[in-house]
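1. I'll drop the sequence and a predicted model, then ask my questions.
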Amino acid sequence: MYKMIIIAIFLFEPLLCNTAQSLERPDVKFKIFQFPSNMIPRIDGKTNDWETVPEDYCIGMDQLKDTGNNTEIDKSDLDVTVRVGWVNGMDKLYFLVEMYDDYWEFEKPGGVNDMFELVVDGDLSGGPLSPQLREDKTFDDWEGYAMFHGVHAQNYHICTPAYGKPWTLVWGCQPWIRELPWANAEYSYGFKHGDSGNLILEFLITPFDYAPYDGPSRSVISTLEENNIIGISWAVIDNDGKGKHDSFFNLSHKTTMYGNASDLVAFRLMPLEKRFRKSIDAQWTFKILDMDRRIVAFKDLSRGNITSWLWEFGDGTTSKEQNPVHQYKEKPGYYTTTILTVEGPDGKAYMSKPWDVAIK
Ligand SMILES: [Ca+2]
Ligand SMILES: [Ca+2]
Ligand SMILES: [Ca+2]
């Protein structure tokens, strides 16, 4: 009997491993630069606000693979460098894409266009986002489109550049996601159709855990949290006037990244670089656990090398715990002034909130 169990474990172990490593290229994790809140990029097609982003955030051609036609990298045919950024608290992703192409194809009304295709899975749910890649076929074409396509992870076919078209086609049932306030884009270029030259594409998008067919009212925006991993891949679809795609250079190295979020690549939402941070910074939040009994949970969010915490709850009592749960014994009279003071080898800081903790 136990022999069978061992065989069963042996058989299922590879499946378990696959679940744990659901993304492509498990050996790499790319970085998403955190912009300080006073340096949010302006979507104007200019690169100046990205000069602060270090070199090791730049993702170039050497990371891409043409899984369409298997052509070698030739930077005189196509060259692309991408930087990705975010701002803590904004739930948006910013991109700067700098490209060179020897033949820009963009003035035909149909789908043939030089494109920067982007797939984003903000909550790392994985799995097929296009109905074509689903194994279950218990739905018809319309149901597949309206129920699944791009709903839990989104695919943008961004026109490089856009001429007589929206800036991006949305390959899914939620074209509304390309509009403000969820998204915006701007280009800089000087070439004409058929020319060679450089293009700058700057844009922002909002990733969605749920982006339904019928518009934003039932949608759920992905919450972007520092140090979390999200799934992203892009592919450059290069058309050079030959009536077909020249190449499909993609970051994932697996063509089905276009429609399966499990084939994306890991990106980490990086903390602020040290040069933007104070050496010690006091910050906290709270949650009222029980209003009738006046029980409040306080949570330290301070940053830096901290060795001691002092909470003053505004009712004459204090705590030295990092994350105290406090019961106000008497009705404090609406507002209470709560102060957290933190201290460490780099100094001392406090955060006082005179109005936030209101108890009835
Ligand atoms: Ca800019
Ligand atoms: Ca080309
Ligand atoms: Ca081209």
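-> Sure, I can see it. Ligands and ions are numbered 1, 2, ... in the order given.
2. For this structure, which segments count as helices?
-> For the chain, applying DSSP state H gives helices covering 2-20, 141-148.
3. among the ones you listed, where is the model least confident on average?
-> Ranked by mean pLDDT, those bottom out at helix 2-20, which scores a mean of 44.
4. is it true that D44 touches I200?
-> No. D44 is beyond contact range of I200, at 9.9 Å (criterion: C-beta atoms under 8 Å). C-beta: built from backbone N, CA, C; applies to glycine.
5. Spell out which parts of the stretch 1-150 of the chain neighbour ligand 3.
-> Residues of the stretch 1-150 of the chain lying close to ligand 3 by C-beta under 5 Å from the ion are D101, Y103, E105, D114.
6. can you put those in TSV and add neighbour count?
-> Below are those laid out as TSV (neighbours: other C-beta atoms under 10 Å):
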residue	neighbour count
D101	25
Y103	19
E105	20
D114	23
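7. Same list, those, but as TSV with distance to G127 and pLDDT please.
-> Formatted as TSV, those follow (distance: C-beta to C-beta, whole Å; pLDDT from 0 to 100):
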residue	distance to G127	pLDDT
D101	33	98
Y103	36	97
E105	33	97
D114	29	97
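8. Let's see which of the residues you listed end up in strands.
-> D101 (DSSP state E).
9. low pLDDT regions in this structure?
-> Counting by pLDDT under 70, the chain shows low-confidence ranges at 1-22, 332.
10. The same query, at a cut-off of 50, please.
-> The chain contains residues with pLDDT under 50 at 1-21.
11. Out of the residues of the stretch 1-150 of the chain next to ligand 3, which is nearest to E143?
-> For these, the residue nearest E143 by C-beta to C-beta is D114; the value is 32.6 Å.
12. Might one say that that closest one is in contact with T160?
-> Yes. Assessed by C-beta under 8 Å, D114 is found in contact with T160 at 4.7 Å.
13. any shared contact partners between these two?
-> Residues touching both D114 and T160 (C-beta atoms under 8 Å, 6 or more residues apart in numbering): D101, W104, F106.
14. gap between the first one and D74?
-> In this case it means D101. D101 sits 11 Å away from D74, taking C-beta to C-beta, to the nearest Å as the criterion.
15. now swap in the second one and tell me
-> Taking C-beta to C-beta as the criterion, W104 is separated from D74 by 16 Å.
16. and I229, what is it in contact with?
-> Here I229 is in contact with K29, L124, A266, F267, R268, L269 (C-beta under 8 Å, 6+ apart).
17. ranking these by neighbours, who comes first?
-> Per-residue neighbour counts (other C-beta atoms under 10 Å) across those peak at F267, which has 26 neighbours.
18. Could you list everything K31 pairs with in the sheet?
-> Per DSSP bridges, the residues bridged to K31 are R268.
19. That one: neighbouring residues, count only.
-> When counting by other C-beta under 10 Å, one arrives at 18 neighbours for K31.
20. Surely it touches V265?
-> No. Counting by C-beta under 8 Å, K31 does not reach V265; the two are 11.7 Å apart.
21. is it true that H193 touches Y103?
-> No. Applying C-beta under 8 Å as the test, H193 and Y103 come out as separate, 9.1 Å apart.
22. what's the residue in the stretch 151-300 of the chain that ligand 1 sits nearest to in contact with, if anything?
-> Closest to ligand 1 within the stretch 151-300 of the chain is E202: 5.0 Å, counting by C-beta to the ion. For E202, the contact set (C-beta under 8 Å, 6+ apart) comprises 41, 43-47, 94-97, 185-187.
23. same deal with N88?
-> By C-beta under 8 Å, 6+ apart, N88 lies in contact with Q34, S37, L224, E226, L272.
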